[in-house]
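> Sequence and predicted model, in that order:
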Amino acid sequence: MPKALIWRSAMLLGSETFIRNQADSLSRWQPVYAGATKVDSVLARETDLIAYPSEADRRAFLRLRLTGSSPHLHKLMATVRPDVVHAHFGGDGWLISGSAARAGVPLVVTLHGHDVTRQPSSTGPKGVRYRRNLRTVFHRASILIAVSEVIRQKAIAWGADPAKVRVHHTGVPIPAAVPDSPKQWDVAFAGRFVEKKGADDLIAALSTLNARALFLGDGPRFAEMQGLARSLRVDATFLGAQPLDEVYRLLGESRVLAAPSRTASDGDSEGLPTTIVEAMALGLPVVATHHSGIPEAVADGITGLLGAEGDREALAANLRKLLDDQNLQRAMGTAARARAEAGFDVVKQSRRLEDVYDEAAA
């Protein structure tokens, strides 16, 4: 069985279940997970290969970040002897690209969002360096995967060869059946508390509704959003980050998923939020925005309702429309489940990813 070295510099953030789900679902290729440093999270595994496992390796890791070359990675590559390297995010793709090229191993890089939206727009020397590195990884990669058509176009705008870039939607696990759980929550939100997720827009919209809301996730704006909900007297419960099975259970107890994503002030934007597709797989209609790749999953008026970014009145109206009409909830939830099964099943999508690996290896 050929080997795919799955590379993420920080192995592995608790919010990046999409990386594990995708590679764990491979059937013809053997995934070998590797990273520069180990992250203490629910997704970390003892079998993960870590190139710089100790404080003593910090200088060597700094050399990698500055030069894109490191004996540690050359040794890791020689030990694993992969047939393909699959890196997630453009910056991490650059970190591993030199060692992959040195070993003669084809490189596949998935571009997820901020790596071709916010980061290339950075100013000063940091921005110059990132754009140079991004062009390098675009050149070295055999294939570039964009998680949505919007991200594909962003990559091309920053210099990627259009012939190299193809859209591949990252799949999610599809439960055998829609959970038949009593509904405890009217509106659920799941994601990091950062500007682009639009949690403040949601809280403002909820302040005009009589609805019970659940917020899942953590992030730098967590405490701020808790305070905003209290000040606006929103019936909101904040549970923080949860394991994936608990997220699925809680979403199954919810009527509607809200995903009011927007472009952040620094240009950061989504690719296609995995949580949206996870909720659809559970039979939830989605209230979201016309942002980045979201319309590729949420068909407005069929699997959910979409409004303009930052339009809190439209967000409130769409939530009210669904919460006041149980028949519409059920119809859109059924359509959402069917859409997730057809285009976002992680098993089917990982089969398609293996075809990409075959192409790169050939």
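Great, that's in hand.

> Next, find the distance separating Thr79 from Pro182.
Thr79 is 51 Å from Pro182, where distance means Cβ to Cβ, to the nearest Å. The C-beta positions use only the backbone N, C-alpha and C, and glycine is treated the same way.

> Between these two, which has more neighbouring residues?
Thr79 (11 against 6; other Cβ atoms under 10 Å).

> That one belongs to a helix, doesn't it?
Yes. Thr79: assigned to a helix according to DSSP: H, G, I helix; E, B strand; the rest coil.

> Apart from its chain neighbours, what residue comes closest to it?
The shortest distance from Thr79 to any non-neighbouring residue, by Cβ to Cβ, 6 or more residues apart in numbering, is to Leu49 (7.9 Å).

> got the contact list for that neighbour?
Leu49 makes contact with 32-35, 76, 79-80, according to Cβ atoms under 8 Å, 6 or more residues apart in numbering.

> how about the helices in the chain?
For the chain, applying DSSP state H gives helices covering 17-24, 58-67, 71-80, 90-103, 124-140, 149-157, 199-206, 222-231, 244-252, 274-281, 312-323, 326-343, 346-361.

> got the angle for the fourth one vs helix 71-80?
It refers to helix 90-103. Per axes from the mean of the first three to the mean of the last three Cα atoms, to 10 degrees, the angle that helix 90-103 makes with helix 71-80 is 70 degrees.

> Over to the last one?
When the same axes, to 10 degrees is applied, the directions of helix 346-361 and helix 71-80 differ by 100 degrees.

> what sits up against helix 346-361?
Counting by Cβ under 8 Å, 6+ apart, 2, 4, 21-23, 25-29, 83-84, 86, 106-108, 142-143, 145, 166, 168-174 sit against helix 346-361.

> and that helix, what's its mean pLDDT?
Mean pLDDT, computed over helix 346-361, is 98.

> Would you mind splitting this protein into its domains for me?
3-171+345-361, 185-343 (automatic domain parsing).

> So for Val178, which of those domains sits nearest?
domain 185-343 (3.8 Å; Cβ to Cβ).

> what number of residues lie near Asp161?
Residues lying near Asp161 (other Cβ under 10 Å) number 12.

> separation between it and His139?
Separation of Asp161 from His139 (Cβ to Cβ): 8 Å.

> Now Lys183: closest residue in space that isn't a chain neighbour?
Closest residue to Lys183 in three dimensions, ignoring its sequence neighbours and counting by Cβ to Cβ, 6+ apart: Arg255, at 5.3 Å.

> distance of that neighbour from Ser142?
Distance, Arg255 to Ser142, by Cβ to Cβ: 44 Å.

> And for Ile151?
According to Cβ to Cβ, Ile151 and Ser142 sit 18 Å apart.

> So for these two, which sits in the more crowded spot?
A side-by-side neighbour count of Ile151 and Ser142, using other Cβ under 10 Å, places Ile151 first with 27 against 19.

> Not counting its neighbours along the chain, what's nearest that one?
Excluding its sequence neighbours, the residue lying closest to Ile151 (Cβ to Cβ, 6+ apart) is Gly271, at 4.9 Å.
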